[in-house]
Every structure is written in structure tokens, then in C-alpha cells.
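> Fold the stuff below for me.
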Amino acid sequence: MELDFDTPELADRVYPILASLVTPRPIALVSTIDSEGRVNAAPFSFFNLFGAKPPICAFAPGNRDDGTPKDTALNIQANSEFVINLVDEALAEGMNRCAASLPFGESELKCAGLTTTASTTIKPPCIAEAPVSLECKTWDILEIGHNRMVIGLIQRVHLRDELYDAEKQRVLSEKIMMVGRMASPHWYCRTRDRFELIRPE
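Model (predicted):
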């Protein structure tokens, strides 16, 4: 089977096909603030890390159905700061509630029953219930067709004490039960089933 995305019959199927094939994907629950200091939170699974020197991440906030940017994109364009909050099993339901389309300025966090904690280097807050939060400053925003990719420089990492061995400077990944995005539109996975492969010399 070969799919040609340049054909008219697949024009509206690109997202669901790709989103169902490239799985599992990590989920960024992104917190931003608007010009009045109101907090917005929205999940994105078109997200990942892309380097360590400097530490960078990127995610892709889309547009509304009418073609206007969503709140996350508007807020980042206004102040160039955001927090990537990672999503574990305990946060999955709250993350999903943050995906609701609310009027501009209305708090997704309040509707989801989530709370915030202050960031160290930027104004947008971390989500207190997240196991890991990455404070980011925007490096660039790339506009490619109807896609928007926000590239962020990671300034600080916040994680629960029990997830990090300070003496060995090692993340205790076996204690982090992240969820991943699976097939479009409603599927997710747990990451409890793991196996190890030692890289050859």
C-alpha cells in the first residue's frame, strides 16, 4: 500500500493517518499566559526533544477551524515563554479536559481541577500536578504552510524528588509512568511494559 498525500482524495486525511502511524508520541501539556496574566493550558502530541547542546524542544500548536491561531500560539507570540508539562497516568484525565475549546482567557486548568506553581525563570507557571515541567523560552517559530512549529530553549527542569537520584544525577525512569498518544482521535497508551536493548559496541 502506498499513500500519496498530494492527491485530492487524501487531502483531509493526512493528519489522522500520520497521527495513527507515528506512535506513541509524548504529550506536552503547555502552559502559557496572556497579556493580562491569565493562564492557558493545552495539550499537544506533535511534540518532542530535538537537542541537548543547547537543550531544545519543539511542539506544533495548530489553528482553530476558522484559521486563526489558538490561545497557546497567541500567548507565545506575545511573550515568548511557555512551560512544557509532561503527562503521566495521574494527569491524563486532567490533560484531556484541558483539550476543551474554551473562550479566549477562560481557564482550562480551573475546568480540569488543576493548579499551578511558580516557575523560576519565566512568567508562565508550571502545572503542580505534572511529574515534570520544562521552563522554556522561544528560540523561533517556524511557519511551514499551515503548520506552526515553536522551538523552545529549555531553561529549567522541575521534577518530583522521587524521580531523581541527585547523587548519581540520574532520572529514575522506572518510576515515571508517562502516557503516550496513540491512534487518532481518542487513543492513548501506558508505558509500564518496557524492555531493554543494550547497544552494540
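> Look up the closest residue to the spatially most central residue of the chain, ignoring the ones flanking it.
The residue lying closest to the centre of the chain (Cα atoms, centre = their mean) is A28, at 1.4 Å. Closest residue to A28 apart from its sequence neighbours, by Cβ to Cβ, 6 or more residues apart in numbering: F47 at 4.0 Å. Every C-beta, even on glycine, is put in place using the N, C-alpha and C of the backbone.
> Next, count neighbours for the one you found.
21 (other Cβ atoms under 10 Å).
> From I27, how far out is it?
Here the criterion is Cβ to Cβ, to the nearest Å. By it, F47 lies 7 Å from I27.
> before we move on, the earlier item: return the set of residues that bridge with the residue nearest to the centre of the chain.
Counting by DSSP bridges, A28 forms beta bridges with F44, L86.
> Likewise for I127?
According to DSSP bridges, beta-bridge pairing links I127 with T116.
> The one 5 residues further on too?
Beta-bridge pairing of V132, defined through DSSP bridges, involves L159.
> mind checking how far it is from L3?
35 Å.
> Between the two, point out the one with more neighbours.
Legend: neighbour count by other Cβ under 10 Å for V132 and L3, higher for V132 (19 against 11).
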